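A.B. asks: No letters, just coordinates:
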């Protein structure tokens, strides 16, 4: 049976709930070839679909029907590969996925110059946090500032962005991470440079290894941490004291943010429903709304 589309109207009176099924031709919000089955994912991406796989989702509407189907299959394939390649390590305290968010005072600390805006934006869908940064080779003033800025937090999420750690050159930074571990839980997401795992192998620091800083990696990393996606990846080779095939697994504990086609829905039809809601707000039919599928 097709899913039903509802609009939640925000108003001073109790929330009004009504169905939009009658507004959708033939009630077909499900994709014509639902669900999309990802086949031969790696060979598919190597066949020249990488451009389509990384195209912003909102631009797919401009493609022909056949090209759009190909692009969505490529995007789902890339997402699956990225999600399954991220590796959770050193999480002896079972910190991940994050629990009891209401009591968590979270600070995200960015290290390195590569942008992590997607990572932070996705994380912010699950919980608020303070945004901090520190250089790869912090001086005493930076370390003092970091200590002061983190004094009111009990959870620290470190975003290490495509930089190489050296245990001799970056002693101060590693000392700072251990200082944070004394204040609360510390999780380091290492985007790229897997050799950093050997340097970061501290029993009090949970690690998540992501292959690069691209959009898909940042999005998947944030969702794994908050339970939208399960951690299933294993190290393909040994790194430092971590053996080959090391990697802890988790289960999903919260909703996942993804594209409609992953769950067999047609994004183009959902866009039409979104347009109806936008026009209704503009026409003062109701002051605001949320759309959900059940």
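C.D. replies: Received it, and whenever you're ready, just let me know what you need. Just so you know, these numbers come straight off a predicted model, no measurement behind them. Residues are numbered from 1 along each chain as shown.
A.B. asks: what's the spacing between the top helix by length along the chain and its chain's center?
C.D. replies: In the chain, assigned by DSSP state H, the helix with the most residues is helix 65-85. The chain centroid and the centroid of helix 65-85 are separated by 16 Å under CA atoms, centre = their mean, to the nearest Å.
A.B. asks: quick one: buried residues of it?
C.D. replies: For helix 65-85, a neighbour-count test (16 or more other CB atoms under 10 Å) marks 68-79, 81-85 as buried. Where C-beta positions appear, they are placed from N, C-alpha and C, glycine not excepted.
A.B. asks: repeat for stretch 226-238
C.D. replies: Applying a neighbour-count criterion of 16+ other CB under 10 Å, the buried positions in stretch 226-238 are 226, 227, 228, 229, 230, 231, 232, 233, 235.
A.B. asks: Can you name the residues that contact the fourth one?
C.D. replies: Right, residue 229. 83, 220, 223, 252, 256 (CB atoms under 8 Å, 6 or more residues apart in numbering).
A.B. asks: can you give me the end-to-end distance of stretch 254-267?
C.D. replies: Length of stretch 254-267, first residue to last, CA to CA, to the nearest Å: 22 Å.
A.B. asks: So among the contacts of residue 229, which ones count as buried?
C.D. replies: Taking 16+ other CB under 10 Å as the criterion, what is buried in the contacts of residue 229 is 83, 220, 223.
A.B. asks: So residue 158 belongs to a helix, correct?
C.D. replies: No. Membership of residue 158 in a helix is not supported by DSSP: H, G, I helix; E, B strand; the rest coil, which gives strand.
A.B. asks: Got the confidence number for the residue most central in space within the chain?
C.D. replies: The chain has residue 219 as the residue nearest its centroid, 2.8 Å off, counting by CA atoms, centre = their mean. At residue 219, the pLDDT value in this model is 95.
A.B. asks: ranges for the strands of the stretch 1-150 of the chain?
C.D. replies: Taking DSSP state E, counting those that start in this stretch as the criterion, the stretch 1-150 of the chain contains strands spanning 5-9, 16-19, 87-89, 106-111, 130-134.
A.B. asks: and those strands, which one's lowest on average pLDDT?
C.D. replies: Taking mean pLDDT as the measure, strand 16-19 is lowest among the strands of the stretch 1-150 of the chain, coming in at a mean of 42.
A.B. asks: lowest-confidence helix or strand of this protein?
C.D. replies: Among the helical and strand segments of the chain, the one scoring lowest on mean pLDDT, DSSP states H and E is strand 16-19, with a mean of 42.
A.B. asks: what bits of this protein have low per-residue confidence?
C.D. replies: Within the chain, the stretches with pLDDT under 70 are 1-53, 61, 113-116, 293-294.
A.B. asks: how far is stretch 157-177 from where the chain is centred?
C.D. replies: Chain-centre distance of stretch 157-177: 23 Å, with CA atoms, centre = their mean.
A.B. asks: cool, and stretch 219-233?
C.D. replies: Relative to its parent chain, stretch 219-233 has a centroid offset of 6 Å by CA atoms, centre = their mean.
A.B. asks: Show me the helices in the stretch 51-200 of the chain, by range?
C.D. replies: Remark: helices of the stretch 51-200 of the chain, listed N- to C-terminal, are 65-85, 117-124, 140-149, 171-183, 196-199; assignment by DSSP state H, counting those that start in this stretch.
A.B. asks: burial count for residue 179?
C.D. replies: 15 (other CB atoms under 10 Å).
A.B. asks: any idea how far it is from residue 144?
C.D. replies: In this structure, residue 179 and residue 144 are 11 Å apart, going by CB to CB, to the nearest Å.
A.B. asks: how far does stretch 83-101 stretch from start to finish?
C.D. replies: Using CA to CA, the gap from the first to the last residue of stretch 83-101 comes to 23 Å.
A.B. asks: try stretch 161-181
C.D. replies: In terms of CA to CA, the two terminal residues of stretch 161-181 are separated by 20 Å.
A.B. asks: Flag every buried residue along that stretch.
C.D. replies: If you call a residue buried by 16+ other CB under 10 Å, then stretch 161-181 has these buried ones: 161, 162, 163, 165, 170, 172, 173, 174, 176, 177, 180, 181.
A.B. asks: The residue nearest to the third one when sequence neighbours are not counted: what's it in contact with?
C.D. replies: Nearest residue to residue 163 in three dimensions, chain neighbours excluded: residue 112, at 4.2 Å (CB to CB, 6 or more residues apart in numbering). By CB under 8 Å, 6+ apart, the residues touching residue 112 are 136, 159, 160, 161, 162, 163.
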